[in-house]
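*Asks:* below are the sequence and a predicted model; questions follow.
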Amino acid sequence: NAGVTQTPKFQVLKTGQSMTLQCAQDMNHNSMYWYRQDPGMGLRLIYYSASEGTTDKGEVPNGYNVSRLNKREFSLRLESAAPSQTSVYFCASRVEVNYGYTFGSGTRLTVV
Amino acid sequence: DAKTTQPPSMDCAEGRAANLPCNHSTISGNEYVYWYRQIHSQGPQYIIHGLKNNETNEMASLIITEDRKSSTLILPHATLRDTAVYYCIARSNHYGGSQGNLIFGKGTKLSVKP
């Protein structure tokens, strides 16, 4: 079972470059989420998609955009990367609101 | 949203039960208590959740006090592989959208020692 797959696992960007983080789940889950985690911190919600065709801002959405391409895929885009966006990014999904999340293994992004 | 309070760190001897406390004194009637853990730099892993009754699964037991103001996650026989950061989260299951999203604090770093 693949679960939640994130690509790439590691990425180094220069300030001002753009990139898209990919996330796909094969569990037929309705909701998908993007979190970031900085050293010594908990996870902070960037954006989420409660169902296919909808997206909403989370706690820290500035500097990011998202696309719920279909039920399986939820991508996170950095249009103009900044050093403050250096972080570990986690994608998660869940089938319904009263179920637990399944997380991917993360993308480690460094912006120099 | 109910704020949860956890000790920043705990130690446990291998093979012994690990009891991780969580205070959530402002929890409302429709908020569940969720537990997740994060091993090293991996993605968080769901452990268990409950509303007011004690819950048990293959990973752990969750004991919620009668007044629901605190709970304890119990790992019955801790192993070295249980060394992780454990997050306690209180959140409503009754709503979609932002009200149903999980908010992670800093958690408790559990160190299981030989």
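*Replies:* Done, it's in.
*Asks:* in contact with residue 108, which residues?
*Replies:* Assuming you mean chain A. A:Lys9, A:Phe10, A:Gln11, A:Val88, B:Ser41 (Cβ atoms under 8 Å, 6 or more residues apart in numbering or on different chains). All C-beta spots, glycine's among them, are computed from the backbone N, C-alpha and C.
*Asks:* to clarify, I was referring to chain B.
*Replies:* B:Gln6, B:Pro7, B:Pro8, B:Ser9, B:Met10, B:Leu20, B:Val85, B:Tyr86, B:Cys88.
*Asks:* widest-spaced pair of the residues you listed?
*Replies:* Within those, B:Ser9 and B:Cys88 form the most distant pair, 14.2 Å apart (Cβ to Cβ).
*Asks:* more neighbours: which of the two?
*Replies:* The neighbour count for B:Ser9 versus B:Cys88, taken as other Cβ atoms under 10 Å in any protein chain shown, is higher for B:Cys88 (26 against 11).
*Asks:* pLDDT score assigned to the more buried one?
*Replies:* Note for B:Cys88: predicted pLDDT of 95.
*Asks:* cool, A:Val95 as well?
*Replies:* On the pLDDT scale, A:Val95 gets 80.
*Asks:* do the same with the one 3 residues further on
*Replies:* pLDDT for A:Asn98: 65.
*Asks:* could you do the one 3 residues further on as well?
*Replies:* Looking at A:Tyr101, its pLDDT is 88.
*Asks:* so it is in contact with A:Cys91, correct?
*Replies:* No. With contact defined as Cβ atoms under 8 Å, A:Tyr101 does not count as touching A:Cys91 (9.9 Å).
*Asks:* okay, and the common contacts of the two?
*Replies:* A:Tyr33.
*Asks:* distance check, the residue nearest to A:Tyr101 when sequence neighbours are not counted against A:Glu79.
*Replies:* What sits nearest to A:Tyr101 in space, not counting adjacent residues and going by Cβ to Cβ, 6 or more residues apart in numbering or on different chains, is A:Ala92, at 4.3 Å. A:Ala92 sits 23 Å away from A:Glu79, taking Cβ to Cβ, to the nearest Å as the criterion.
*Asks:* out of those two, which sits in the busier spot?
*Replies:* For A:Ala92 versus A:Glu79, the count of surrounding residues by other Cβ under 10 Å is larger for A:Ala92: 27 against 12.
*Asks:* so what's residue 53 up against?
*Replies:* Defaulting to chain A. By Cβ under 8 Å, 6+ apart, the residues touching A:Gly53 are A:Arg68.
*Asks:* please go with chain B instead
*Replies:* B:Asn53 sits next to B:Ile64 when contact means Cβ under 8 Å, 6+ apart.
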